[in-house]
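>>> How does the following fold in three dimensions:
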Amino acid sequence: MASTDLALSTALHNLYADHSPWLRNWLRKRLGSSCDAADLVQDTFVRVIKARQALDVRQPRQYLSTVAKGLVIDLYRRRALEQSYLQALAALPEDVYPSEETQALVLETLMEIDRMLDSLGDKVRQTFILSQFEGLSYPAIAQRLGISLRTVNNHMAKAMEHCCLVRMGLL
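Coordinates of the predicted model:
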């Protein structure tokens, strides 16, 4: 093991040992669930490991709470999306109700789409959704959003590029 890898491993170990109990309590108070808090502590440290920044952390609690806040937002967004999907399913007649496997696949796909669109600006995301999910033409989108047709084209190009880059793992 190289000395930098050893130093990083030691820093991660110390960061986890010194601050995971504090982070678990901090999250439990905000979430009201010790199970969700424990899951998000682990997810937080996975992000820290992937970022390989443990050696650079000067204010560990501030850093960890910032990472954890983003994960809390993701958790609530996933739950809201799942709830909306379940409500849509409840409105379906029994004879067209999808299997549990299909439901899981659709929900997973919805989560992936949500992640893809998350970092787009509001107008770009709205343009993409109107085009791809509501089937509106570009002129209809321009009229609804009060923007030019050229802007709709630019927003769609930006959204498509972004989705491709996310799909390729480059974002």
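
>>> quick one: the helices in the chain?
3-31, 34-51, 60-90, 100-118, 122-132, 138-145, 149-167 (DSSP state H).

>>> now those as JSON lines including mean pLDDT and mean neighbour count?
In short, each C-beta sits where N, CA and C put it, glycine included. Formatted as JSON lines, these follow (pLDDT from 0 to 100; neighbours: other Cβ atoms under 10 Å):
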{"stretch": "helix 3-31", "mean pLDDT": "88", "mean neighbour count": "15"}
{"stretch": "helix 34-51", "mean pLDDT": "92", "mean neighbour count": "16"}
{"stretch": "helix 60-90", "mean pLDDT": "91", "mean neighbour count": "14"}
{"stretch": "helix 100-118", "mean pLDDT": "87", "mean neighbour count": "13"}
{"stretch": "helix 122-132", "mean pLDDT": "92", "mean neighbour count": "18"}
{"stretch": "helix 138-145", "mean pLDDT": "96", "mean neighbour count": "16"}
{"stretch": "helix 149-167", "mean pLDDT": "92", "mean neighbour count": "16"}
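
>>> In contact with the spatially closest residue to L136 that is not a sequence neighbour, which residues?
Spatially, and ignoring its direct neighbours in sequence, L136 is nearest to L130 (4.6 Å; Cβ to Cβ, 6 or more residues apart in numbering). Taking Cβ atoms under 8 Å, 6 or more residues apart in numbering, we find L130 in contact with 136, 140-141, 144-145.

>>> how about a cut-off of 7 Å?
136, 141, 144 (Cβ atoms under 7 Å, 6 or more residues apart in numbering).

>>> cool, M116 as well?
163, 166.

>>> for the one 4 residues further on, same thing?
L120 makes contact with 128, 159, 162, according to Cβ under 7 Å, 6+ apart.

>>> same thing but 10 Å
126-129, 155, 158-159, 162-163, 166 (Cβ atoms under 10 Å, 6 or more residues apart in numbering).

>>> Kindly report the same for K29.
Per Cβ under 10 Å, 6+ apart, neighbours of K29: A37.

>>> Tell me how far the residue nearest to L136 lies from I147.
11 Å (Cβ to Cβ, to the nearest Å).

>>> what sits in contact with each of these two?
141, 155.

>>> what distance separates stretch 53-72 from the middle of the whole chain?
17 Å (Cα atoms, centre = their mean, to the nearest Å).

>>> repeat for stretch 31-41
The answer for stretch 31-41 is 17 Å, by Cα atoms, centre = their mean.

>>> so Q42 touches S20, yeah?
Yes. Counting by Cβ atoms under 10 Å, S20 is a contact partner of Q42 at 8.8 Å.

>>> And the residue nearest to L136, how far from A37?
L130 is 38 Å from A37, by Cβ to Cβ.
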